[in-house]
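Trainee: Next come a sequence and a model predicted from it.
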Amino acid sequence: QAQLVESGGGVVQSGGSLRLSCRASGNILDYHAMGWYRQVPGKEREGVSCISNRDDTTYYANSVKDRFVISRDSATSTMYLQMNSLEDEDTAVYYCAATRWLTPARAMCRVHRPEAWGQGTQVTVSS
């Protein structure tokens, strides 16, 4: 059973930065695509940023474009989300997810239902 473990969440002031990590058990390249999602109570889960492990294309939701950067370190089987210029609206539980299905980055975030999920990490942005 694949395991994804997130870390790096916390409390940060508005305008600050955080870096989330998602460590995958086994070889991260066994997954065709991976991504970061977030959820606020009472709202649907949102695909924030996704990456294809096949061609390294990335996708960003409009709400985080030019502020967040997704990356991957195959040597450590770790995916990252660098979050800069954080806003109050970025407060959420952030989850990493992965799929073994051949899925483009945009589809991974927008329509696909990944089969592997992490446990989530809370990010709180305070004014």
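Mentor: Yes, it's here. All values reported here derive from a predicted model rather than from experimental measurement.
Trainee: How many residues are close by residue 27?
Mentor: When neighbours are counted by other CB atoms under 10 Å, residue 27 registers 10. Any C-beta I mention is one placed from the backbone N, CA and C, and that applies to glycine too.
Trainee: Give me the distance between the closest residue to it other than its chain neighbours and residue 42.
Mentor: Spatial nearest neighbour of residue 27, excluding adjacent residues (CB to CB, 6 or more residues apart in numbering): residue 77 at 6.3 Å. Distance, residue 77 to residue 42, by CB to CB, to the nearest Å: 34 Å.
Trainee: Between those two, tell me which one has more neighbours.
Mentor: More crowded of residue 77 and residue 42, by other CB under 10 Å: residue 77, with 18 against 5.
Trainee: pLDDT score for that one?
Mentor: With respect to pLDDT, residue 77 has a value of 95.
Trainee: correct me, but it touches residue 31?
Mentor: No. Residue 77 is beyond contact range of residue 31, at 9.6 Å (criterion: CB atoms under 8 Å).
Trainee: any residues in contact with both of those two?
Mentor: Here residue 77 and residue 31 have residue 24 as joint contacts, going by CB atoms under 8 Å, 6 or more residues apart in numbering.
Trainee: residues in contact with residue 94?
Mentor: Per CB under 8 Å, 6+ apart, neighbours of residue 94: 6, 9, 20, 36-38, 48, 81, 120-123.
Trainee: which of these has the most neighbours?
Mentor: Ranking the contacts of residue 94 using other CB under 10 Å puts residue 36 first, with 28 neighbours.
Trainee: What average pLDDT does the helix or strand harbouring that one get?
Mentor: For residue 36, the host element (DSSP states H and E) is strand 33-39. Strand 33-39 shows a mean pLDDT of 98.
Trainee: what are the pairing partners of it, and which direction each?
Mentor: strand 46-52 (antiparallel), strand 92-99 (antiparallel) (DSSP bridges).
Trainee: ok, which stretches of the protein are strands?
Mentor: 4-7, 10-13, 18-24, 33-39, 46-52, 58-60, 68-73, 78-83, 92-99, 116-117, 121-126 (DSSP state E).
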